[in-house]
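Asks: here is a sequence with its predicted model. Questions after.
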Amino acid sequence: MNNILLLKIDLHVHTCYSKDATTDLKDLTLYSKRSGLDGVAITDHDTLEGTLNVKGADGSILIPGVEVTTASGHVLVLNPTAPIPKGLSLDETVERAHEADGIAIAPHLSGLLKRSLDLDAFKKTVKIDAVEVINSSAFPFLLSTRRSRRLACRLSLPQTAGSDSHIPETIGLAYTIIDADPDIQNIIKAVKKGYAIPYGKSVPLSLRFKKLWKKRGYGKHF
C-alpha cells in the first residue's frame, strides 16, 4: 500500500432517492459521523438523483454512484460521469460504466433475497473491477461473505465492503479502508488497484425489522 492516508468509506449507501430507502441528507451526514466514516458512496437504485442533490458537508467525502439493475442482477457503479441505463447485459453495463469513467463492482453475490448477479454470467466477464465481499444486509451474512471472498480471490479481483444501508442506523456497519488521499478520483483509482481492505458486520435483527417497518410505510421521517 502507498501509506498516503487511510480513509474509512462505506461504499454502498442508499438515500431516499431509492424508493425502498428513507435516509435523507441530514441523516446521511449525522450517521456517517457517528460511525466515524470519512465518507460514503451514494448508490441509489438506477438513478443519480441522490448524487446530484446531495452536497458534501463538514468535509465528508461523498462519492457519486448508482446501483444499476442489469439483465443479470445488480452492479454498483462508482463515480460515473453519465447515467447508466438499466436492463442491459452485464458486459454492456460494465462497458457503459467504463465509458463514463466509473468503476463497476459486483455487490452481494451470494446473498439471498437480493438481485445478485447471475454467477455464471459474472464468471464469464473479465471486465468487472472489484467484488463487494462484505455486505451488512446480506443474508446469511457469514456464508455470503465467505463465498464472495473466495470468488474474489479466485478471480484475483479487489475486495470492497459496504453496508447497503437503506435506513440511517445501518450506515457504516460495513466499510472499506482505502489507501488514498481524500480526492474522489484517487479513491476510485485506489479501489481499482486493490489498495482497499473490507471490514464490517451484519445488520442486527432489530434493525432488519426496522428497515422492513419503514419499507412498508410506517414511521417514515422524510
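Replies: Received, thanks.

Asks: quick one: least confident helix or strand in the chain?
Replies: Using mean pLDDT, DSSP states H and E, helix 119-124 stands out as the lowest-scoring helix or strand of the chain, at a mean of 65.

Asks: check which element follows that helix along the chain.
Replies: Scanning forward in sequence from helix 119-124 by DSSP states H and E, the next helix or strand is strand 130-135.

Asks: chain center to the longest helix seen in the chain, what's the gap?
Replies: With residue count as the measure and DSSP state H as the assignment, the chain has helix 141-154 as its longest helix. Relative to its parent chain, helix 141-154 has a centroid offset of 16 Å by C-alpha atoms, centre = their mean, to the nearest Å.

Asks: just list what the helix or strand following it packs against, helices and strands only.
Replies: Past helix 141-154, further along toward the C-terminus, the next helix or strand under DSSP H and E is strand 159-162. Here strand 159-162 is seen to pack against strand 6-13, strand 130-135, strand 174-179, strand 196-200 when contacts are counted using 3 or more C-beta pairs under 8 Å, 6 or more residues apart in numbering; DSSP states H and E. Just so you know, the C-beta spots here come from the backbone N, C-alpha and C atoms, and that holds for glycine as well.

Asks: who touches strand 159-162?
Replies: Surrounding strand 159-162, the residues in contact under the criterion C-beta atoms under 8 Å, 6 or more residues apart in numbering are 10-13, 41, 43, 76, 105, 107, 130-136, 149, 152, 174-176, 191, 194, 196-200.

Asks: chain center to the longest strand anywhere in the chain: distance?
Replies: The longest strand of the chain (DSSP state E) is strand 61-70. If you compare the mean C-alpha spot of strand 61-70 with that of the full chain, they lie 7 Å apart, counting by C-alpha atoms, centre = their mean.

Asks: keeping just the C-alphas, turn it into PDB.
Replies: Only the C-alpha atoms of strand 61-70 are listed here, as PDB (Å, rounded to 0.1, in the frame of the first residue of the first chain):
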ATOM      1  CA  ILE A  61     -16.400  12.700   1.100                       C
ATOM      2  CA  LEU A  62     -19.500  11.900  -1.000                       C
ATOM      3  CA  ILE A  63     -18.700   9.600  -3.900                       C
ATOM      4  CA  PRO A  64     -21.300   9.600  -6.700                       C
ATOM      5  CA  GLY A  65     -22.600   6.300  -7.600                       C
ATOM      6  CA  VAL A  66     -25.600   4.100  -8.700                       C
ATOM      7  CA  GLU A  67     -26.800   0.600  -8.200                       C
ATOM      8  CA  VAL A  68     -27.700  -0.500 -11.700                       C
ATOM      9  CA  THR A  69     -30.200  -3.200 -12.500                       C
ATOM     10  CA  THR A  70     -28.800  -5.300 -15.300                       C
END
